[in-house]
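# Build me a model:
(2 chains)
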Amino acid sequence: MKRFLERYGATDVVMFIVGGLIVALVIIGTFSTLFVTKRYDSRDWFNFVVYGVALGGIYAVIAIGYTLVYGILRMINFAHSEVFMSGPLTAYFLADYMGRSGFLDQNPVVGLLAVFILAMAVSTGVAILLERIAYRPLRFAPRLVPLITAIGASFFLQYFFRGLYGTNIKVYPELAVLKSSVQIGIFSIQNVQILVIVAAAVMMLGLQLFIQNTRTGKAMRAVAEDKQTAALMGVDVDRIIVITFALGGALAGAAGVLYGLMFKQVYFLMGFIPGIKAFTAAVLGGIGNVPGAMVGGLFLGIAESLGPNLFLDGLGIPAPYQLKDAIAFTLLVLILIFRPTGILGEALAEKKA
Amino acid sequence: MNTPLEKTQVRAADVLRSGLNFGLIGGVVALSIALQGMLQAFNVRDIVSGIITTSEVLLLITFFGTAYFAVSRSGSAHPLLVIVTGIWAGFIPSVFLVALIAVGGVIRLGDMFINAVPELYSLLTFNQGLVTGSVYLMIVAAVCGATAAVIDLLPGNLRRAIVLGLVAVFAFGLLQDLIRVTLSNWDALTPLVSFLYKSNGLSIEGAAAVFVLTAAFSFLRSTQGDRIQNQLRSLPPASRTTLRWTSIVLVILIFLLLPAFLGLYLTDVLDTVGLYLLMGLGLNIVVGFAGLLDLGYVAFYAIGAYTVGILTSPEHATGIIHNWWLALPFAVLAALFAGVILGIPVLKMRGDYLAIVTLGFGEIIRLLANSDFLKPWEGGAQGIQGIPLPDIGPIKFAQTQLSLPILGQFQFTPSQQFYYLFLAGCLLVIFITTRVKSSRIGRAWMAVREDEDVAQAMGINLVTTKLMAFGMGASFGGLSGAIFASKLQSVYPTSFSFLVSVYVLSLIIIGGMGSIPGVIVGALALVGLPELLREVGDYRYLFFGAALVLMMLVRPEGLIPEARRRLELEEFRAEEAKAEERKEPAVMQTMEQP
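Numbering: from 1, shown residues only, chains lettered A, B, ... in the order given. Alright, predicted model coming up:
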């Protein structure tokens, strides 16, 4: 016992006990829901999982933006949630216009493509400007400085877009195509969810191919590994950083439109919660690691959609869906305490300074 | 070799190009100001009555600032070139605005940009009709640019005097409510008020007087200031101490009498400043001293408020203490305890991760407070009502008549009495913080802030040091929350959003991290000013965001920096300069190669 205490210290012991308690609660809750109360049937569980995968896909796509920037600059781009918000909020006006003129229902593919392109363009622009104005001059600054800048930029962007487009919640048009659902046996999946899952998968696959197979992708990996050496090898580091921000921005814009199609509502504060969730996803999978962000996103999405019903309900907590955000935050805290390198993480300890 | 003529031509082109760059930036800024609806929002009062409104000043400042930056960065010495640059750079932003007016005349921009309404266009064109007004706008912009260039050409002390005079006129116009209310408490000063102000702005004579006096003062200070300072320095030490003590006593006296002069509304503003100042001083320990970026500080504020609520509210079974003062220690202790508990898991985290995890904690506390899960204990979304006022025995917090010797009768309202509570709290916290700062633990915090590994190697126990910072910072937050709960006599979960954490963080960063005077100035500027200027409204967060970014880019040590932190940041600047030097030769080489 004494040697154990010497090795881990009192605070570690406290943490292990708290962690163990939380895991025990989850197990007890799950057990109670599945075998005692039995409130949900298999169709419900299927719906929860599909919803979780779709949500997780969106988180994963946003998380890639965090992870790419972190991999290269070792900073959390706190304003990424606003990059995510800016695109769909601007593209809403196009979607709304096309929705009211009936164009969107006649040519859903062309219409949606236009909305996606606009949203991605705006988000990319915001991300590039952010990098140029706020982050580039501070690349050598002490760590707190760029982080505070990012928080300031995040607030500025939120209220800037609030001033431009107003505070009211904007509702994306409902497409007839996306409203219907597909039947598979006794299960049914909404078309929106299929679109979200497929689009997220395509984007993630495309990004992975881009990073692994193109020259620019190779340069990005080199810069993430070691900026100075990459510069010596003839990589234009500034350009790669801009490309990284642009890629993250474009993906965030697309994820934002998916979010808008799935939840219908967009407004100036919409980025905050998904932003933190996506960051959690990035940390879960191991920050700086692109496949990790994908895994983390899916895991978080499913945990969030299953969690309240699976274990909070079983513990007899009233209105458990109110605590779904708390699940994500708790997961974030736990993962940072017990496995800060994440599920697929590289050894972060050497790079923490 | 270039002939002199060619040289000036080349330089003229350069100058015009740099003017264009600044002009484009200024144009984007002007367009943003217009589309953000600031012109409409700020159109509520005149700076100089009947001559110029706040929104017009806002436009002029944009043109002027653009031209001024362009001129001072162009590095040209030729007066003609300078003036041309000024006119050119000031003119470009107006082109953006005219383009906006033109587009707005054709397309209904208001469908997308809610502020692009006819009112904006008429404000931009000074109500002169769209076409004539646009021409006016461009002329005004060019004149502004020329003025900026002329001011830049003046010798340093004269330039400073003029700029300071203009700023003073602007401030007197903007803060007219404050100044009027304060001055109108004395009958003897009524003529001064009516000389300075007319209907809803400064009178022309008043503006002129303010300008001349401030400019003269600034000019005199620049020429005579050193002499006076030397005189002060050459005073014998004994009389210097008396001077210092009299000024301290005077300041304390002014603070004690402030609510009597300021009246109800301004005292309320001061109460809010005090509330945030308490939190700012607490967070300053965590962020400023120990360098641990905490984004969930609102959690401790909430815990303090909720502890008082749960313990004192007669509506709850747990409301067993009916005296706020007896519940106060529990609130502070609960917050301190929470600070230590939340501190333990983040002991090993640094910078970014710490920020996110503390943010998560803050959100978890708010979500729990808002949920039905804990509703039986703390009321859920309905909150807690019926929290008692902080009465001390016979001294009740209620409307009272007070007769002071010399000063006469005063009506005291609860918010004026709360002022003293906040004052006492702030003084206590300031005293503790200043004492702790230079103590052993304070120096340990700063060592941890500067380099954790080295600090540990020097024998500093990281666990206790960090937990002390978290606990102490949290306890001040709890104190603030306890007073807040009593002031509102109720607690609602909506009061504890992430915005509060960012608000407090902004005020300590803009004031100067780790510097106690900085935190005070930050609280006055960031909390007091927006409360006084009702037209600022929700733009405050836009300004905070911009201020945080600008501050980090231009002056990361804050308005009133702490000495040691400034040294740290200067080190970074030196490194940056070195990096720039290293870069330049490389660029030269690539240019020479072909």
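
# list the helices and strands the helix or strand hosting A:Ile197 packs on?
If you go by DSSP states H and E, A:Ile197 is part of helix A:191-213. Applying 3 or more C-beta pairs under 8 Å, 6 or more residues apart in numbering or on different chains; DSSP states H and E, one finds that helix A:191-213 contacts helix A:42-73, helix A:176-179, strand A:181-184, helix A:215-225, helix A:237-263, helix A:290-307. Any C-beta I mention is one placed from the backbone N, CA and C, and that applies to glycine too.

# And the next helix or strand past the longest one?
If I follow you right, that is helix A:42-73. Following helix A:42-73 toward the C-terminus (DSSP H and E): helix A:80-101.

# again, but for the last one
Next helix or strand after helix A:290-307 toward the C-terminus (DSSP H and E): helix A:324-338.

# Just the angle for that next one relative to helix A:42-73, thanks.
50 degrees (axes from the mean of the first three to the mean of the last three C-alpha atoms, to 10 degrees).

# Show me which residues of helix A:324-338 are buried.
By neighbour count on 16 or more other C-beta atoms under 10 Å in any protein chain shown, the buried set for helix A:324-338 is A:324-337.

# which stretch among the helices and strands packed on helix A:191-213 comes nearest B:Thr312?
helix A:290-307 (35.6 Å; C-beta to C-beta).

# do that closest one and chain B meet at all?
No: Helix A:290-307 stays clear of chain B (C-beta under 8 Å from any C-beta of the partner chain), getting no nearer than 13.0 Å.

# rewinding a little: same list (the helices and strands packed on helix A:191-213) but as TSV, adding mean neighbour count and mean pLDDT.
Putting the helices and strands packed on helix A:191-213 into TSV (neighbours: other C-beta atoms under 10 Å in any protein chain shown; pLDDT from 0 to 100) gives the following:
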stretch	mean neighbour count	mean pLDDT
helix A:42-73	24	86
helix A:176-179	13	75
strand A:181-184	10	78
helix A:215-225	18	88
helix A:237-263	24	90
helix A:290-307	24	86
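
# With distance to A:Tyr92 added, can I get these in CSV?
Compiled in CSV, the helices and strands packed on helix A:191-213 are given as follows (distance: least, C-beta to C-beta, whole Å):
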stretch, distance to A:Tyr92
helix A:42-73, 17
helix A:176-179, 16
strand A:181-184, 24
helix A:215-225, 31
helix A:237-263, 7
helix A:290-307, 23
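
# And the ones you listed: which comes nearest B:Leu507?
helix A:42-73 (27.4 Å).

# now the closest one, how far from the centre of its chain.
6 Å (C-alpha atoms, centre = their mean, to the nearest Å).

# From B:Asp177, how far out is the most centrally placed residue in chain B?
For chain B, B:Leu526 is the residue whose C-alpha lies nearest the centre (C-alpha atoms, centre = their mean; 3.2 Å). Taking C-beta to C-beta, to the nearest Å as the measure, B:Leu526 falls 19 Å from B:Asp177.

# With B:Val71 instead?
Taken as C-beta to C-beta, the span from B:Val71 to B:Asp177 is 35 Å.

# Comparing the two, which residue is more hemmed in?
B:Val71 (31 against 15; other C-beta atoms under 10 Å in any protein chain shown).

# List the residues that contact that one.
B:Val82, B:Thr85, B:Gly86, B:Ala89, B:Ala148, B:Ala149, B:Asp152 (C-beta atoms under 8 Å, 6 or more residues apart in numbering or on different chains).

# now do 6 Å
B:Val82, B:Thr85, B:Gly86, B:Ala149, B:Asp152 (C-beta atoms under 6 Å, 6 or more residues apart in numbering or on different chains).

# That one sits in which helix or strand?
helix B:54-74.

# Can you name the next helix or strand after that helix?
helix B:79-106.

# what's the following helix or strand after that next one?
Following helix B:79-106 in sequence, per DSSP H and E, is helix B:118-124.

# While we're on residue 22, how confident is the model there?
In the absence of a named chain, chain A is used. We have a pLDDT of 82 for A:Ile22.

# wrong chain, I was asking about chain B
85.

# thinking again about what came up before, just flag the most distant two among the contacts of B:Val71.
B:Thr85 and B:Asp152 (9.4 Å).

# Settle it for me: which of these two has more neighbours?
B:Thr85 (31 against 19).

# so that one touches B:Gly19, yeah?
Yes: the pair B:Thr85 and B:Gly19 qualifies as a contact (C-beta atoms under 6 Å) at a distance of 4.5 Å.

# which residues are in contact with both of the two?
Contacts common to B:Thr85 and B:Gly19, judged by C-beta under 6 Å, 6+ apart, are B:Ala70.

# Let me know which of the helices and strands packed on helix A:191-213 is the nearest to B:Gly65.
helix A:237-263 (27.8 Å).

# Just want the angle from the closest one to helix A:42-73.
Going by the same axes, to 10 degrees, helix A:237-263 makes 160 degrees with helix A:42-73.

# partners of the helix or strand following helix A:237-263, with directions?
Under the assignment DSSP H and E, the closest C-terminal helix or strand after helix A:237-263 is strand A:265-266. Strand pairing for strand A:265-266, determined by DSSP bridges: strand A:170-171 (antiparallel).
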